[in-house]
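**Q** build me a model:
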Amino acid sequence: MSLLYLHFESDERPARVQKLAKSGAHVIVAEPKWPGFWEIAKREKPVAVAVDFTHAPSHALETADYISKARETRETPLYLLRVPEDRLEMVQKRLPQAGIVTEAELSERLAQIEREALARALEKKEAAAVVRRAAAGAKKAAKKAGLAQGKPPAKKPKAAAPKSHAPERRKSAPPASKATPKKKSKAARTPKKK
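**A** The predicted structure follows:
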């Protein structure tokens, strides 16, 4: 599970990344500069994207807006950190699907996403085990039913050579003797004169 954290290079960034990493998520850090963040988002396919509004809030808003509308990331949960009070209303209108959260709330949501992913993986694993057990039981029952009736286990028939659907051709009789070629007549050998 990975989180794409978009934050401009600053002194406070390493401490913030460390707090987010405590959630258990692999934090991928990038600056919200085009096309760098976009290439990372397409390549890494994170489970969530967090955009920090601490530096250059207008630029952060444009980045978040692009991520929310792009085909590859529109289904990815988007979280916004440290949105200034004077931009809060505009951000909520433009990005109603994005969650405005603190680092602690984001860490809790990431932990919840991780728990849900683990539960889904466990359900898939259990379902596959049930299917395998059912198939093994059915195979065993079929084998037992065949032995109970006194029949030996069925053997696979040998594969026959494929038959052609083309009609059979008659073979012609071999020539009785080799005949000497006929000689061309003299008229056929000499060209006609004009």
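
**Q** ok, the residue nearest to the spatial centre of the chain - contacts?
**A** The centroid of the chain falls nearest to residue 45 when counting by CA atoms, centre = their mean (11.1 Å). Contact analysis of residue 45 by CB atoms under 8 Å, 6 or more residues apart in numbering lists nothing. Placement of C-beta: from N, CA and C, glycine included.

**Q** all strands for the chain, in order.
**A** 2-6, 26-30, 48-52, 78-81, 99-101 (DSSP state E).

**Q** distance of residue 24 from residue 109?
**A** Computed as CB to CB, to the nearest Å, the residue 24 to residue 109 distance reads 12 Å.

**Q** revised request: answer the last question for residue 64.
**A** Residue 64 is 16 Å from residue 109, by CB to CB.

**Q** when these two are compared, which one has more neighbours?
**A** residue 64 (24 against 19; other CB atoms under 10 Å).

**Q** that one touches residue 80, doesn't it?
**A** Yes: at 6.1 Å, residue 64 counts as touching residue 80 under the criterion of CB atoms under 8 Å.

**Q** now do the shared contacts for these two.
**A** Common neighbours of residue 64 and residue 80 (CB under 8 Å, 6+ apart) are 51, 91, 95, 98.

**Q** now the second one. Nearest residue, chain neighbours left out?
**A** Which is residue 91. residue 83 (5.3 Å; CB to CB, 6 or more residues apart in numbering).

**Q** against residue 7, how distant is that neighbour?
**A** 13 Å.

**Q** what's the answer for residue 15, then?
**A** Applying CB to CB, the value for residue 15 to residue 7 is 11 Å.

**Q** and these two? Which one has more around it.
**A** For residue 15 versus residue 7, the count of surrounding residues by other CB under 10 Å is larger for residue 7: 22 against 9.

**Q** ok, the more buried one - contacts?
**A** 13, 16, 17, 29, 31, 32, 51, 52, 54, 55.

**Q** same thing with residue 51?
**A** 6, 7, 32, 60, 63, 64, 67, 78, 79, 80, 81.

**Q** low-confidence regions, this protein specifically.
**A** Along the chain, segments meeting pLDDT under 70 span 147-194.

**Q** what's the distance between the longest helix belonging to it and the middle of its chain?
**A** Secondary structure of the chain per DSSP state H: the longest helix is helix 103-148. Centre-to-centre, helix 103-148 and its host chain are 20 Å apart (CA atoms, centre = their mean, to the nearest Å).
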